[in-house]
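# show me the folded form of this:
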Amino acid sequence: MTAGGAPRLVVLRALGLGDFLTGVPALRALADALPAHERLLLAPAFLSPLAALLGDVVHEVVDTEGRGAPPAALPAAAIGADVAVNLHGRGPQSHAALRAAEPRRLIAFACPAAGVSGPEWRAGEHEVARWCRLLSESGIPADPAALDLAPPGGTERHGATVLHPGAAAPARRWPVDRWAAVARAERTAGRDVLVSAGPGEEEAARSVAAAAALPPGAVRAGGDLEDLARLVAGAGRVACADTGVAHLATAFGVPSVVLFGPTPPAEWGPPPDRDRHRVLWTGRRGDPNGPAPDPGLLEIEPAAVSAELAAL
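Numbering: from 1, shown residues only. The predicted structure follows:
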């Protein structure tokens, strides 16, 4: 219980942008099932602007970092919750952290090593469907299609093609010269091009813009997550790797082309029933966190990306 007497729900998903967005249907399902609960999301604070787009689905984002490894201990706000939900992983580390917080009820995948029973983890399951199934098999109906977000305030419909060459790991980074070739093709087709960059991705974005001879101001970098969300929401189309920007395009209904390398789109791609989103994948599997561009990703040529963009 909170100090005011309301029961408390804590949800652990202390991961990145794409992870947050693929967890949106599960978060909505929990809000529908537990409307009287104070709902806390244990996640990195930088995700707060996107959580705000969900209205009262999430009442507060409690800053929790787990992108390198599951947190060994959780913030004080997680202690003694009425319900705790592990949307972070299959255990045992994340399970142990939540159990140590002593919730009255823990919803999580089965993990004998952590002493937790629950639905069975399924390898190869789509990330959205996985967490919705955890809830549905725990008695909480969840709709995997509930992915959409309204654009953040201040979004302007600029209509340009947004290219995002960055990705968290080198394995998912398509070469700069290929992005530049796509940028040139878009310009030849009469479409404006903007190149986006998250923290640490600025050099790649500037290199794409320079190689494609894009006009000054074409690189959009240095803003926060809300700025990136506005840029994507206002775009005419988006092309990017398998990264968080792809999930932003899905959430805002912006036509997109997503390049997959080591991970199949059946696990992390946009919903296959939404034809405004296209995926390119050559069928190879590999290490999504590898130190060099994945061989399968390198099999994708600029002409294929440009053709899909033209078809949107």
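# so Trp281 versus Ala204, what's the distance?
22 Å (CB to CB, to the nearest Å). Any C-beta I mention is one placed from the backbone N, CA and C, and that applies to glycine too.
# list the contacts of the nearest residue to Ala211 once chain neighbours are set aside.
In this structure, Ala211 finds its nearest non-sequential neighbour in Ala180, 3.6 Å apart by CB to CB, 6 or more residues apart in numbering. When contacts are counted by CB atoms under 8 Å, 6 or more residues apart in numbering, Ala180 touches Ser207, Val208, Ala211, Ala212.
# can we see that at 6 Å?
Shown in contact with Ala180 (CB atoms under 6 Å, 6 or more residues apart in numbering): Val208, Ala211, Ala212.
# and if you look at Ala78?
Val10, Ala101.
# swap in 8 Å and give it another go.
Residues near Ala78 by CB under 8 Å, 6+ apart: Val10, Leu12, Leu40, Leu42, Val62, Ala84, Leu98, Ala101.
# I'd like to know how many residues surround the nearest residue to the fourth one once chain neighbours are set aside.
Put plainly, it is Leu42. Using CB to CB, 6+ apart and skipping the chain neighbours, the partner closest in space to Leu42 is Thr64 (4.0 Å). By other CB atoms under 10 Å, the residues close to Thr64 number 25.
# secondary structure added to the contacts of Ala78, as CSV?
Below are those laid out as CSV (DSSP: H, G, I helix; E, B strand; the rest coil):
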residue, secondary structure
Val10, strand
Leu12, strand
Leu40, strand
Leu42, strand
Val62, strand
Ala84, strand
Leu98, helix
Ala101, coil
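# any chance of the residues you listed in JSON lines with neighbour count, pLDDT and distance to Ser117 as columns?
JSON lines is the format used below for these (neighbours: other CB atoms under 10 Å; pLDDT from 0 to 100; distance: CB to CB, whole Å):
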{"residue": "Val10", "neighbour count": "27", "pLDDT": "98", "distance to Ser117": "19"}
{"residue": "Leu12", "neighbour count": "28", "pLDDT": "98", "distance to Ser117": "18"}
{"residue": "Leu40", "neighbour count": "23", "pLDDT": "98", "distance to Ser117": "24"}
{"residue": "Leu42", "neighbour count": "29", "pLDDT": "98", "distance to Ser117": "22"}
{"residue": "Val62", "neighbour count": "20", "pLDDT": "98", "distance to Ser117": "26"}
{"residue": "Ala84", "neighbour count": "27", "pLDDT": "98", "distance to Ser117": "15"}
{"residue": "Leu98", "neighbour count": "29", "pLDDT": "97", "distance to Ser117": "14"}
{"residue": "Ala101", "neighbour count": "21", "pLDDT": "97", "distance to Ser117": "18"}
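# for the residues you listed, give me a markdown table that also has distance to Pro92.
Supplementary listing: these in a markdown table, determined by distance: CB to CB, whole Å:
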| residue | distance to Pro92 |
| --- | --- |
| Val10 | 18 |
| Leu12 | 13 |
| Leu40 | 23 |
| Leu42 | 17 |
| Val62 | 22 |
| Ala84 | 15 |
| Leu98 | 11 |
| Ala101 | 15 |
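# between these, which sits nearest Glu137?
Relative to Glu137, the closest of these is Ala84; by CB to CB it sits at 16.7 Å.
# residue contacts, the residue lying closest to the closest one once chain neighbours are set aside?
Distances taken as CB to CB, 6+ apart place Pro103 nearest to Ala84, at 3.6 Å, with adjacent residues excluded. Pro103 is in contact with Val10, Gly80, Ala81, Asp82, Val83, Ala84, counting by CB under 8 Å, 6+ apart.
# tell me which of the residues you listed is nearest to Leu149?
Distances from Leu149 to the contacts of Pro103, taken by CB to CB, are shortest for Val10, at 22.3 Å.
# now do the phi/psi pair for Ile107.
phi -110, psi 120 (degrees, to the nearest 10).
# wouldn't it be in contact with Gly139 here?
No: taking contacts as CB atoms under 8 Å, Ile107 lies outside contact range of Gly139: 9.0 Å.
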